[in-house]
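>>> Sharing a model that was predicted from the sequence below.
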Amino acid sequence: MSVELWTIILVGLSFVLYIYIGWQSRVENTKDFFVAGQGIPSIANGAATAADWMSAASFISMAGLISSLGYDGSIYLMGWTGGYVLLALLLAPYLRKFGKYTVPDFVGDRYKSNLARLVAVVAAIFVSLTYVAGQMRGVGIVFSRFLQVDINTGVMIGIVIVGFFAVLGGMKGITWTQVAQYCILILAYLIPAIAIANKLTGNPFPQLAFTFSDVANNLNQLQVDLGFKEYTQPFANKTMLDVLFITIALMVGTAGLPHIIVRFYTVPNVRAARFSAGWALLFIAILYTTAPALSMFARYNLIQTFNDQKIEEVRKLDWVNKWEKTKLLTFEDKNQDGKLQLTPNKQTNEITIDNDIIVLSTPEVANLPAWVIALVAAGGLAAALSTASGLLLVISSSVAHDLYYRIFDETASEEKRVFVGRVVVGLSLVLAGYFGVNPPGFVSQVVAFAFGLAAASFFPVIVLGIFDKRTNSQGAIAGMLSGLIFTIIYIIGVKFAGMTPWFFGVSAEGIGTLGMVINFIVTLIVSRFTPPPPEDIQALVEDLRTPSFEE
């Protein structure tokens, strides 16, 4: 069977599974809709958290970035993995003990301020919309290549599927759907990685093949011969300071992501939250230890497939023609010699490969069976849709619970709050569709912006809210606003207004680190020059850090 037919079968079956789970998990009360009734088992919540966190950026784009950046691409591995450890150990148990539904709920109650809650709601929506833009682009890419439909049509199909299980089942439906999506995406990532590792090195374990084979040395030599820096050479594409800032921004951004933090409210108690974090880290590590190997193998195979090959021969490959139609793979014979040359110079380079297609195309480049290629497509969709659904529920809960119920109408019934939540999911889907059709960048880049915004807005007020009882609402509000506004202005200026990165050359992806530092400084200074929080809030913070037997 053809790749397209296999894709229709596997993607179709996975979508039927998601819809079935969504229907079986339909809910009517707010606790089920927003936090899955706080009854999800630790291991299931760990798998759901891993799927929620390993978005299209992790599955589709991260290995592509490592493949093109080499050593410097490890910022995504270090930042995202380290950030999850930071979240699991430093924040998650305390937030679960606090017992609220959402991050804005924590901010509003800890700082006893609806204005602080409102600022947190705006930040949560801003971060989530930025993040969901990357997921929708990932959905569009997968559909445009493997189902041969227009990207816009692919985005619409994805939105309908996400909307079904998010609107019906809320967090309960999303959680159990994400458990299924994790199983699909991890199989889709591991099977081609194992097959390619075995094919290139004779060792079926990608991590061992990456470490002990001579592929890295051969690739380094290939890169040097073509005029590139060695693949494993540090700081070849980014400065040491920029690498540090991006890594920190991704770490603390992970620890401040509202759609990940809410996962620790879906388990029964603090003890379950700790176990859930451990399971999630294990499930995440399976993919993240495989990514460097897959990235290196992909780079090696792509160079061997395209460089110094006749264009007419390359275009005889069916998969090349189909990727060319998406305009994410392009060839241009600039020197008119009938052959393709890959060079670091844009003026002479004749091969352009979008970072977002490297993982998706790798099984085809390696000439793996059609069903494996289709499985990768299903895995990419699972990764994108699982995170998109989690983000949509964050937006929904931020508006319906934190804004509508906690600020405007505290007498609203359960049914009314769930109804408002579902309406907000629908409106958010429309916005997600717009961003999918008009993405502001490639997947990992857009997601990196979201992490920077989360780092600059949420991380300081959550950390100080737990560990510093003197931090008050005035400081939290001033800190969140200053960090968020500074980071937004810098990102827009550098990425969209042509501004030179003025802070020691730090890129837009890394500036969230400085935004976080500004937030910390402003929060601490303003808190010290204004009255302390009420005694009951200070006692609450003390109790939050005191272990109890039930934990």
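Cool, the structure landed. Numbers count the residues shown, from 1 in each chain.
>>> so where is the protein shaky, pLDDT-wise?
Scanning the chain with the threshold set as pLDDT under 70 gives 26-38, 100-101, 165-171, 439-448, 547-551.
>>> ok, now how distant is the residue of it most remote from its centre from L294?
In the chain, the residue that sits farthest from the middle, by CA atoms, centre = their mean, is D337; the gap is 41.9 Å. Noted for D337: a distance of 32 Å to L294, by CB to CB, to the nearest Å. C-beta here means a position set from N, CA and C on the backbone, and glycine is covered the same way.
>>> Can you report how many residues lie near Q347?
When neighbours are counted by other CB atoms under 10 Å, Q347 registers 6.
>>> my guess is A377 contacts I9, does it?
No - contact status for A377 versus I9: not in contact, 10.9 Å apart, counting by CB atoms under 8 Å.
>>> Identify the residues contacting G158.
M136, V139, G140, F143, L381, A384, L385, A388, G436 (CB atoms under 8 Å, 6 or more residues apart in numbering).
>>> which element is the residue lying closest to the last one once chain neighbours are set aside on?
Closest residue in space to G436, ignoring its immediate chain neighbours: M136 at 2.7 Å, by CB to CB, 6 or more residues apart in numbering. Here M136 is covered by helix 114-146, with elements defined by DSSP states H and E.
>>> Surely A195 is in contact with T362?
No - the pair A195 and T362 does not pass the contact test of CB under 8 Å, sitting 10.0 Å apart.
>>> where exactly do the helices run in the stretch 51-200 of the chain?
56, 63-69, 74-86, 92-98, 103-110, 114-146, 151-201 (DSSP state H, counting those that start in this stretch).
>>> Tell me which of these lies nearest to T546.
Closest approach to T546 among the helices of the stretch 51-200 of the chain is made by helix 92-98 (9.4 Å; CB to CB).
>>> what's in contact with the closest one?
Against helix 92-98 from outside (CB under 8 Å, 6+ apart): 106, 109-110, 261, 264-265, 267, 269-270, 273-274, 277, 462, 466, 544-545, 551.
>>> could you pull out the strands for this structure?
Per DSSP state E, the chain carries strands over the ranges 329-331, 351-353.
>>> can you list the residues that contact the first one?
Surrounding strand 329-331, the residues in contact under the criterion CB under 8 Å, 6+ apart are 311, 314-315, 320, 323-324, 340, 350-354, 357, 361.
>>> same check, this time on the last one
Taking CB under 8 Å, 6+ apart as the criterion, the residues outside strand 351-353 that touch it are S68, L302, F306, N307, L328, L329, T330, F331, E332, L340, Q341, L342.
>>> Distance check, the last one against N349.
This means L342. Relative to N349, L342 is positioned 6 Å away (CB to CB).
>>> cool, and T290?
29 Å.
>>> Compare those two (neighbour count), which wins?
Set T290 next to N349 and count neighbours by other CB under 10 Å: T290 wins out with 22 against 16.
>>> got a list of what the more buried one touches?
T290 is in contact with Y189, L190, A193, P206, Q207, counting by CB under 8 Å, 6+ apart.
>>> let's see it at 6 Å
Counting by CB atoms under 6 Å, 6 or more residues apart in numbering, T290 makes contact with A193, P206.
>>> Phi, psi for it please.
Dihedral pair for T290: phi -90, psi -30, per degrees, to the nearest 10.
>>> Find the nearest non-adjacent residue to V541, please.
Closest to V541 by CB to CB, 6+ apart is K469, at 4.0 Å.
>>> May I ask you to confirm that that neighbour is in contact with D543?
No - with contact defined as CB atoms under 6 Å, K469 does not reach D543; the gap is 10.4 Å.
>>> These two - which one has more neighbours?
Taking other CB under 10 Å, K469 and D543 do not tie; K469 has more neighbours (20 against 11).
>>> now the residue farthest from the centre of the chain: how far from D308?
10 Å.
>>> ditto for G515
For G515, the distance to D308 - CB to CB - is 45 Å.
>>> higher neighbour count, the two?
G515 (28 against 12).
>>> Tell me which residues touch the nearest residue to that one once chain neighbours are set aside, please.
Distances taken as CB to CB, 6+ apart place A456 nearest to G515, at 2.8 Å, with adjacent residues excluded. A456 is in contact with G483, L484, T487, G512, G515, M516, N519, counting by CB under 6 Å, 6+ apart.
>>> tell me the phi and psi of A255?
According to degrees, to the nearest 10, A255 has phi -70, psi -10.
>>> roughly how far apart are the nearest residue in space to it that is not next to it in sequence and D536?
Take A255 and drop its neighbours on the chain: the residue closest to it by CB to CB, 6+ apart is L87, 4.1 Å away. According to CB to CB, L87 and D536 sit 27 Å apart.
>>> Neighbour count for those two, which is higher?
Neighbour count, other CB under 10 Å: between L87 and D536, L87 has more, with 28 against 8.
>>> mind checking how far the more buried one is from R117?
21 Å.
>>> likewise F283?
Separation of F283 from R117 (CB to CB) stands at 32 Å.
>>> can you tell me how far the residue lying closest to G256 once chain neighbours are set aside sits from I525?
Nearest residue to G256, sequence neighbours excluded (CB to CB, 6+ apart): F458, at 3.5 Å. Using CB to CB, F458 is found at 19 Å from I525.
>>> So the two - more neighbours on which side?
F458 (31 against 13).
>>> in terms of contact, does the more buried one touch L257 like I think?
No - between F458 and L257 there is no contact under CB under 6 Å: 7.9 Å.
>>> hey, where'd the helices end up in the stretch 301-450 of the chain?
311-314, 318-325, 358-365, 370-397, 414-437, 443-467.
>>> Quick one: the ones you listed as CSV, columns for distance to L219 too.
What follows is the helices of the stretch 301-450 of the chain, written out as CSV (distance: least, CB to CB, whole Å):
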stretch, distance to L219
helix 311-314, 20
helix 318-325, 22
helix 358-365, 14
helix 370-397, 22
helix 414-437, 34
helix 443-467, 21
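>>> Which one of those helices lies nearest to L91?
Closest to L91 of the helices of the stretch 301-450 of the chain, according to CB to CB: helix 443-467, at 5.9 Å.
>>> quick one: the residue lying closest to F486 once chain neighbours are set aside from A249, how far?
In space, and not counting its chain neighbours, F486 is closest to G515: 5.1 Å by CB to CB, 6+ apart. From G515 over to A249 the distance is 8 Å, taken as CB to CB.
>>> go on, L10?
For L10 relative to A249 (CB to CB), the value is 36 Å.
>>> okay, the two: which has more neighbours?
Neighbour count, other CB under 10 Å: between L10 and A249, A249 has more, with 34 against 22.
>>> Enumerate every residue touching that one.
A249 makes contacts with F451, G452, A455, G510, G512, T513, as judged by CB under 6 Å, 6+ apart.
>>> Give me the number of neighbouring residues for the first one.
The criterion is other CB under 10 Å. On that basis, F451 has 30 neighbouring residues.
>>> Contact partners for it?
Applying CB under 6 Å, 6+ apart to F451 gives the contacts A249, L250, G253.
>>> quick one, which of A377 and I9 is more surrounded?
Legend: neighbour count by other CB under 10 Å for A377 and I9, higher for A377 (26 against 14).
>>> before we move on, the earlier item: quick one, the helix holding M136 and helix 318-325 angle?
For helix 114-146 against helix 318-325, the angle between stretch directions is 130 degrees (axes from the mean of the first three to the mean of the last three CA atoms, to 10 degrees).
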